[in-house]
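Undergrad: generate coordinates for the sequence data below:
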Amino acid sequence: MNINFAEIPNHQNLFLDYLYEFDNVKSFYYYDFRKREDYPEIFNKVSNRYNPNKSQLEEILKTQYSEFKNLSPKTAKNLEIINDKKTLFVITGQQLGIFGGPLYTFYKIITAIKLSVHLNERYDNYYFVPLFWMESDDHDFNEVNSFNILNDANDLVTISYKKNIEEDELRESVGSILFDDSINDVFTKLEAELRNTEFKSSLLDKLKQFYATGKTFKQSFRELLFNIFDKYGLLIFDPQNGEVKKLLKPLFSEEIKNFRVHTEKLVSVSAVLEESYHAQVKIKPVNLFYSLDNGRFLIEPDENIFKLKRKRKQFSPDELLQEIEIYPEKFSPNVLLRPIAQDYLFNTAFYIAGPSEISYFAQVNPLYPFFNLEPPIIYPRASATLLEKHLLNFIEKYNLQIIDIFLGSDHLKEKIFSKISELNLNDIFNNSNNKINLLFDELKQELFRIDKPLSESVSKYRERSLQLLNELQSKAIKIQEGKFDTVIRQINKLTNILYPNQNLQEREINFIYFYNKFGADIFDKIFEELSIQQFEHQIIYL
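TA: Residues are numbered from 1 along each chain as shown. Have a look, this model is predicted:
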């Protein structure tokens, strides 16, 4: 079952038009991902671009993979063909959310893998390799330090590694952060909240192998992804590597030398975008960060010098260019320059993007000509909600549609209660009360003909009957209220799992919840069922 994204609340019009009305947004994007007839020409452009980085990238990736033993045949093959002229990449990426973050991270990866398989079956002249770009340089700790599961009572529970960092606190790149003993507190709470199943013990043991004191966020994240996706040939790339930054020196220098031209174009496009849609990213004068004192700081121009935001450090243009030449590892791209860095290093045929990424690519695209790069096709990631059988039974019992759930719990309650309340107890007992009174009125008239004192005793029996009827009504109301309480609990359970925090499940729930219930086979189930060519929100029945 699929649901058009336009029917689901909170999706931006730019994203919706990109999917369903591309002519409305074609001025902001290079390619329409649906026009497969254009693919060969695009592949030819990307593959023929001069790329001096290929041989070094092969060495870098092989070095990054040296810590892993027993690579799958698919991964081993993909490492060997990086330098081949025919090799094109299907790239996706994400922040290093603890335990993988929300489910959509895995859906992005599966989309990249399945699209690569699909392309390899149809285009003999190329090799398509799925690659995951770890956003190791990102410094937003608060977006990666927590995850959500449901406990045994079906309550939504957030478990965090340490407290959130305030905006003005020092923020270092997440990839470099080492887990301390606080990671044990995470596992203590996870073990307490996670329901007991046959898979719980082995799942926790496996996670503890990846996430442990002394490991970094990126090391743990990478080991988790490797464990799940190695068999499919996914390459996992760490751009925080010093050797990678050396390859990016020309790109960093170009940004510093011509930031005014770049910014002017970005501002211009963003202004046009705002007229009909929205600009996803706030434009900065320079699209680079500089790492200093374990923090990551935005580079800002100030007349004829460059400063670091919230730091006293400053550089002349020549000094900054010299820093790039000598210490490239100190530099990292922001959200708009990161796609340029990806496609500068790799011959990228496709980038697998979520809704927000599709929106900000409308702003990114003007940068490609400045760096003499061929842009990739922006391909929407698969999107899904996992629906368990017992929840489906509840949905069918009350004749609900899946879209009802995405309209919120208040909508659900109103719809369900209207069905339950077709049996209106007040109307039923008022009607019964009237009938009893009529019956006793008729009886009194008949008895009056026999004996007046006897007829007068009818009132006593009337009162007793009405009292019994009132007692019965009170019992019926109490039972009905109990049924409402049960339904309310069931509605809360339904929304906690399928629309947690008024958001799609894929954006809130971590894979641990489903793995704990269904075991490792859940990945095979999702991989098999997830469609990459529907471009609608999919319901996967478990």
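Undergrad: when you work out contacts or count neighbours from here on, use the C-alpha atoms and nothing else.
TA: OK.
Undergrad: surely residue 8 touches residue 406?
TA: Yes - applying CA atoms under 8 Å as the test, residue 8 and residue 406 come out as touching, 6.2 Å apart.
Undergrad: between those two, which is the more surrounded one?
TA: Between residue 8 and residue 406, residue 406 has the larger neighbour count (other CA atoms under 10 Å), namely 20 against 16.
Undergrad: what sits against that one?
TA: Taking CA atoms under 8 Å, 6 or more residues apart in numbering, we find residue 406 in contact with 8-9, 499, 502-504.
Undergrad: and the pLDDT for it?
TA: At residue 406, the predicted lDDT confidence score is 94.
Undergrad: quick one: it from residue 154, how far?
TA: Per CA to CA, to the nearest Å, residue 406 is found 18 Å from residue 154.
Undergrad: can you give me the buried ones in stretch 502-521?
TA: Within stretch 502-521, the residues that qualify as buried are 502-519, counting by 16 or more other CA atoms under 10 Å.
Undergrad: now swap in stretch 487-500 and tell me
TA: For stretch 487-500, a neighbour-count test (16+ other CA under 10 Å) marks 487-488, 491-500 as buried.
Undergrad: cool, and stretch 342-355?
TA: By neighbour count on 16+ other CA under 10 Å, the buried set for stretch 342-355 is 342-355.
Undergrad: which ones among those lie within helices?
TA: Under the assignment DSSP state H, the buried residues of stretch 342-355 contribute 342-345, 355 to helices.
Undergrad: of these, closest to residue 16?
TA: Using CA to CA, residue 355 comes nearest to residue 16 of those, at 8.7 Å.
Undergrad: could I get the contacting residues of the closest one?
TA: The neighbours of residue 355, taking CA under 8 Å, 6+ apart as the test, are 11-12, 15, 380.
Undergrad: output those in a markdown table, with pLDDT, secondary structure and neighbour count appended to each entry.
TA: Compiled in a markdown table, the contacts of residue 355 are given as follows (pLDDT from 0 to 100; DSSP: H, G, I helix; E, B strand; the rest coil; neighbours: other CA atoms under 10 Å):
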| residue | pLDDT | secondary structure | neighbour count |
| --- | --- | --- | --- |
| 11 | 94 | coil | 13 |
| 12 | 95 | coil | 16 |
| 15 | 97 | helix | 23 |
| 380 | 98 | strand | 26 |
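Undergrad: so which of those comes closest to residue 131?
TA: For residue 131, the closest of those turns out to be residue 380, at 15.6 Å, with distances computed as CA to CA.
Undergrad: so what pLDDT did the residue nearest to that closest one when sequence neighbours are not counted get?
TA: Nearest residue to residue 380 in three dimensions, chain neighbours excluded: residue 353, at 5.1 Å (CA to CA, 6 or more residues apart in numbering). Per-residue confidence for residue 353 comes out at a pLDDT of 98.
Undergrad: contacting residues for residue 353?
TA: For residue 353, the set of contacting residues under the criterion of CA under 8 Å, 6+ apart consists of 92, 108, 378-381.
Undergrad: ok, which stretches of the stretch 51-200 of the chain are helices?
TA: All helices of the stretch 51-200 of the chain, identified by DSSP state H, counting those that start in this stretch, fall at 54-64, 73-80, 104-122, 182-193, 200-210.
Undergrad: pick the most deeply packed of the ones you listed.
TA: Most buried of the helices of the stretch 51-200 of the chain, by mean neighbour count (mean count of other CA atoms under 10 Å): helix 104-122, with a mean of 21.
Undergrad: ok, residue 181 - how many residues close by?
TA: Using other CA under 10 Å, residue 181 is surrounded by 11 other residues.
Undergrad: picking that back up, just the ones of the contacts of residue 406 in strands?
TA: For those, membership in strands holds for none, with DSSP state E as the criterion.
Undergrad: in JSON lines, list those residues along with pLDDT and distance to residue 172.
TA: Formatted as JSON lines, the contacts of residue 406 follow (pLDDT from 0 to 100; distance: CA to CA, whole Å):
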{"residue": "8", "pLDDT": "95", "distance to residue 172": "36"}
{"residue": "9", "pLDDT": "94", "distance to residue 172": "35"}
{"residue": "499", "pLDDT": "96", "distance to residue 172": "33"}
{"residue": "502", "pLDDT": "94", "distance to residue 172": "31"}
{"residue": "503", "pLDDT": "96", "distance to residue 172": "29"}
{"residue": "504", "pLDDT": "97", "distance to residue 172": "30"}
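Undergrad: return the distance of the nearest residue to residue 191 once chain neighbours are set aside relative to residue 148.
TA: The spatial neighbour of residue 191 that comes closest, neighbours along the chain excluded (CA to CA, 6+ apart), is residue 204 at 7.7 Å. Per CA to CA, residue 204 is found 16 Å from residue 148.
Undergrad: now swap in residue 431 and tell me
TA: Spatial separation of residue 431 from residue 148 under the definition CA to CA is 51 Å.
Undergrad: which of the two has more neighbours?
TA: Neighbour totals were compared for residue 431 and residue 148, and residue 148 leads with 20 against 11 (other CA under 10 Å).
Undergrad: helix, strand, or coil at residue 367?
TA: Under DSSP: H, G, I helix; E, B strand; the rest coil, residue 367 falls in the helix class.
Undergrad: thought it was touching residue 262?
TA: Yes - contact status for residue 367 versus residue 262: in contact at 6.7 Å, counting by CA under 8 Å.
Undergrad: any stretches of the chain with poor pLDDT?
TA: Applying pLDDT under 70 to the chain picks out residues 168, 170, 421-425, 480-481.
Undergrad: domain assignment for it?
TA: Structural domains of the chain, as assigned by automatic domain parsing, span the residue ranges 1-249+333-400+530-542, 409-498.
Undergrad: now the longest one, how far from the chain's geometric center?
TA: The gap between where domain 1-249+333-400+530-542 is centred and where its chain is centred comes out at 10 Å by CA atoms, centre = their mean, to the nearest Å.
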